[in-house]
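Visitor: using only what follows, build the 3D model:
(chains A and B)
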Amino acid sequence: MLQPELIQLLTASDLVDLRIDAIPKLQVGFRPGCFFSSSRSQDGEAKLTFIPQQILLNKDHELFEDGDIHRHLYLQNLSTCPAYDSPTARQCEFRCYISGCSQVFSTVEDYEHHYNTLHRHVCSSCQRSLPSARLLDIHIQEWHDSLFSILAERQDMYQCLVEGCGSKFRTRDQRKDHMIKIHKYPSDFMFDKVKRIKNIKIAKKNMLQKGTSMEVSMSVSEPEGVCEVLSDQPEEEEYMEINHSLEPGILDPASNPINTVELSTDHDTAPILSVTIQPTTNQQRPQHNRERHSYRSVFTSNLKWHTISYMVHNMILMYFP
Amino acid sequence: MWRLNAVRHKAGRQGSDLEEFKFKRREHEKELRRARKDSQLVSKRLLLNDDEEEDGTMDTLASDRVLELFNIVRHGRDLVKKEADLRALRKALRSPSAHLILIKQPNSIAILVTNLCGPNPQCRLEAARCLHELSHSPHSEVDSLRLRQATPYLITFLSGQSPKFTELCLYTLGNMCPDSENVRDMLLAQGIIPALNNCIQIHRTNLAVVEAVGFTLSQLISANYVTGTIIPAVLASGLIPRLLSVLTPDSQFGLGPVIECAWCLHYLACSNVDNGALVAQGTLLHCTSLLVTLGVAVAKGSIEEGIELLIWPLLRCVGNLLLSGPLGALQPQLNDSRLLAALCAFPQAFLQTHPALARESIWVLNNLTDSSVFCSALFYLNLVPALIQLLPFSHGINIMVLRVLGNIAHQGREYCLHLAQAGLLPALCATLKMADTEVVTFSLEVLGQLMASDPQLAEEFVRQSGLPVLEAIQYSNQETIRLRATHLLEHHLPPHCTVRTLP
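Guide: Down below sits the predicted model:
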């Protein structure tokens, strides 16, 4: 209950000098001016606003409620009871702050696992979550780097996805074959992913409706100024998304409650895929997607539900931030 | 009687109907909370007599006879018999339904008052008991205005010498106080405050009477629409020093009188009418002394039953009095460093049983840490780790602790360094992930002060893997925390850190 140091302090003998004015005051060295100026941002607006404040509480303040109730129970002769049903202190819950997620956890460890699994390595262009920093880099390079496709025509650019291998290949197919043959990946390993179509439609629609306010509230700085929109392709509508993990056991990146609000510009992009391999090499999206649709889809009912609930959630967020 | 040890016996007797008792108590608590929200939280006390139990055998036959008994009293001429008649009437009045019957009788109160002032002391006592039963009536028709004929006499008798009789008068008046503004004005005009002052002086060695004075005064000054005149009158009356002299618990009698006086002081302090006067009369000194004594008792493990009923009003009184002037001026009254230790000990001791008390204890610390003297003392006594350990707890506790830590950090760079040494940075990494947005906001503020004061601390934060936490907060849909997190990432991180702010 009580820590030993506290007990000692309180039960100290009379010989110890307990006076406050006998305690040496901690001296503060020269405080550089930056302390105050840095509480403001460049536009001068105060961002950190805390100042020490003594608080006066009047009789009817809500902070006093429990104590008052206890007092009146005593006056009315009901306070002593062997098993007192008073409110006990609860440990705070933890919440994932990624907008659109809002899951709550009772321990830090649960929260950290959730965050590390779903929100860690997220592609800022297409909001896919990749299992590791390296795969994120590869993804960005292969799908969001226009220079890549130019270079890939002339040299081996497609890296093997297995860490430490270092081999590079001219085509995705070659890489896939390599991974199957050399690294013993299963041949029916799902190397690619179709876009999350329904989200795109919603995202695009909402973006057009509420574009500016969302952008302002969400973005702080724009490194390159380019955020890629997912897609304008209406014909892809018919395809439900098929999302597969790179490795079994890793959570499906598409089940991330990713905030699609950040999409801000229309941009002609390559199809959005996770780092898994595509069966075809060309970049034409419509056929591309149709062929992919022929792949075996690994859908769990949980995923479906999560996809739908996440989309609904996002819709709600967009209208009621 | 309701005194704590007596009630313990009663609770122990319950046995099999304990569940029912608990259920009733929970329901009752809900009612009280509702009443408080409506500013209708009022309690009355019933003084039990030696010859009866509290919820014991109500003589229902007698209550039917109340009319008959009253008529006997009214018409009786034999003084000796009258005492017995009055006693019978009083017993009949234990039943609330009898109250309505009685007050409908013309001149019923007048008759009782006549006997109250009559020559026979025993008759006076019984008459007073009858009035006391009526003052505790659950029926709204039996209100204080009906009983107002009795009040001048009740007030006069407070200066009398008979403890038992005085006690009865006090509780009767105390039950009448909360009823209405008019009643309080009337009592004030009739001189209740000087009478209370006299009473507590005369009966200062009789702790039962002292408790009754405290109760009555607390009812007078805590009532909802306290006029501007009551509290100044109390402050000017000389009652304060007498209340303060009660603040030393008697181990045999129990905490009752001290509890009542402490609640009086709390109601006076929170009304903020003239807290300077309260301080000048020594209130802060006495209350902090008693808090230290209680802290020592808690440290030794002797947590008496009902001690929280005493700690609560003392904390509130001290907390509010700290705003009565600059802390530097108040320091002579706050010179015992064990006060800080006690304020840290109470949360530890009462966290699970009374978390609200823990929170109020830290509120007092918040009001104290507006001064570098007390912040220094917290470090010197190594009390900061105890505070940091309270950060996981909700119920407003962690927010109050963060305020205290913010106050300390605000004092300057060395204070921030000491806070970091005490282990604040890893604790902040945890609070930044909590569900309550207010907790996160305060955590960001404190973190901001730490990082701004010294780049070492920013680096330490990064070492503690704090960076991803800040980055995550940028994705929140709560603007307050988003803006702060981004600000910290942009302005306070060491230059070599790659900052991933939102595109």
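Visitor: name the helix or strand for residue 100, please.
Guide: Because you didn't say which chain, this covers chain A. Under DSSP states H and E, no helix or strand contains A:Gly100.
Visitor: meant chain B, my bad for not saying
Guide: Going by DSSP H and E, B:Leu100 is part of helix B:96-104.
Visitor: the inter-axis angle of the next helix or strand after that helix versus helix B:96-104?
Guide: Using DSSP H and E, the helix or strand that follows helix B:96-104 in sequence is helix B:108-116. Here helix B:108-116 runs at an angle of 90 degrees relative to helix B:96-104 (axes from the mean of the first three to the mean of the last three C-alpha atoms, to 10 degrees).
Visitor: roughly how far apart are A:Asn53 and chain B?
Guide: One correction, residue A:53 is Gln, not Asn. Distance, A:Gln53 to chain B, by C-beta to the nearest C-beta, to the nearest Å: 8 Å. In short, each C-beta sits where N, CA and C put it, glycine included.
Visitor: which ones are touching that residue?
Guide: When the contact criterion is C-beta atoms under 8 Å, 6 or more residues apart in numbering or on different chains, the partners of A:Gln53 are B:Asn366, B:Asp370, B:Arg403.
Visitor: show me which of those residues neighbour chain A.
Guide: Among these, the residues that sit close to chain A (C-beta under 8 Å from any C-beta of the partner chain) are B:Asn366, B:Asp370, B:Arg403.
Visitor: got JSON lines for the residues you listed, with neighbour count, pLDDT and secondary structure too?
Guide: Below are the ones next to chain A among the contacts of A:Gln53 laid out as JSON lines (neighbours: other C-beta atoms under 10 Å in any protein chain shown; pLDDT from 0 to 100; DSSP: H, G, I helix; E, B strand; the rest coil):
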{"residue": "B:Asn366", "neighbour count": "22", "pLDDT": "96", "secondary structure": "helix"}
{"residue": "B:Asp370", "neighbour count": "20", "pLDDT": "92", "secondary structure": "coil"}
{"residue": "B:Arg403", "neighbour count": "23", "pLDDT": "96", "secondary structure": "helix"}
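Visitor: do I have it right that B:Arg36 meets A:Glu65?
Guide: Yes. Counting by C-beta atoms under 8 Å, B:Arg36 touches A:Glu65, with 6.1 Å between them.
Visitor: where are the low-confidence patches of chain B?
Guide: B:1-16, B:50-63, B:224-227, B:494-503 (pLDDT under 70).
Visitor: on that earlier part again, let me have the ones next to chain A among the contacts of A:Gln53 in JSON lines, adding distance to B:Ala128 as columns.
Guide: Output for the ones next to chain A among the contacts of A:Gln53, formatted as JSON lines (distance: C-beta to C-beta, whole Å):
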{"residue": "B:Asn366", "distance to B:Ala128": "47"}
{"residue": "B:Asp370", "distance to B:Ala128": "50"}
{"residue": "B:Arg403", "distance to B:Ala128": "51"}
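Visitor: kindly indicate which of the residues you listed lies nearest A:Asp60.
Guide: Lowest distance from A:Asp60 to those (C-beta to C-beta) belongs to B:Asn366, with 19.8 Å.
Visitor: give the contact list for the closest one.
Guide: So B:Asn366 contacts A:Gln53, A:Gln54, A:Ile55, B:Met400, B:Arg403, B:Val404, B:Asn407 (C-beta under 8 Å, 6+ apart).
Visitor: how many other residues sit next to the residue lying closest to A:Gly29 once chain neighbours are set aside?
Guide: Nearest residue to A:Gly29, sequence neighbours excluded (C-beta to C-beta, 6 or more residues apart in numbering or on different chains): B:Arg413, at 6.2 Å. B:Arg413 is flanked by 20 other residues according to other C-beta atoms under 10 Å in any protein chain shown.
Visitor: so B:Arg413 sits against B:Pro455, correct?
Guide: No. If you go by C-beta under 8 Å, B:Arg413 and B:Pro455 don't touch, sitting 10.8 Å apart.
Visitor: list of residues touching stretch B:267-282?
Guide: The contact list for stretch B:267-282, computed with C-beta under 8 Å, 6+ apart, reads A:56-59, B:218, B:221-222, B:226, B:228, B:231-232, B:234-235, B:240-241, B:244, B:265, B:283-284, B:316-317, B:320-321, B:323-325, B:330, B:333.
Visitor: narrow these to those that are buried.
Guide: Buried members of the contacts of stretch B:267-282, counted by 16 or more other C-beta atoms under 10 Å in any protein chain shown: A:56-57, A:59, B:218, B:221-222, B:226, B:231, B:234-235, B:240, B:244, B:265, B:283-284, B:316-317, B:320-321, B:323-324, B:330, B:333.
Visitor: the residue nearest the centre of chain B and A:His70, how far apart?
Guide: By C-alpha atoms, centre = their mean, chain B has its centre lying nearest to B:Pro313, at 4.0 Å. Per C-beta to C-beta, to the nearest Å, B:Pro313 is found 11 Å from A:His70.
Visitor: so B:Asn335 makes contact with A:Arg19?
Guide: Yes. Counting by C-beta under 8 Å, B:Asn335 does reach A:Arg19; the two are 5.1 Å apart.
Visitor: OK, contacts around A:His94?
Guide: Residue A:94: Phe, not His. By C-beta under 8 Å, 6+ apart, the contact set of A:Phe94 is A:Val104, A:Phe105, A:Ser106, A:Thr107, A:Val108, A:Asp110, A:Tyr111, B:Lys433, B:Met434, B:Ala435.
Visitor: swap in B:Phe393?
Guide: Neighbour list for B:Phe393: A:Ala89, A:Arg90, A:Gln91, A:Cys92, B:Leu351, B:Pro355, B:Ala358 [criterion: C-beta under 8 Å, 6+ apart].
Visitor: quick one: the second one from chain B, how far?
Guide: Distance of A:Arg90 to chain B, computed by C-beta to the nearest C-beta: 5 Å.
Visitor: mind jotting down where the strands sit in the stretch 101-250 of chain A?
Guide: For the stretch 101-250 of chain A, applying DSSP state E, counting those that start in this stretch gives strands covering A:104-105, A:121-122, A:129-130, A:158-159, A:168-169.
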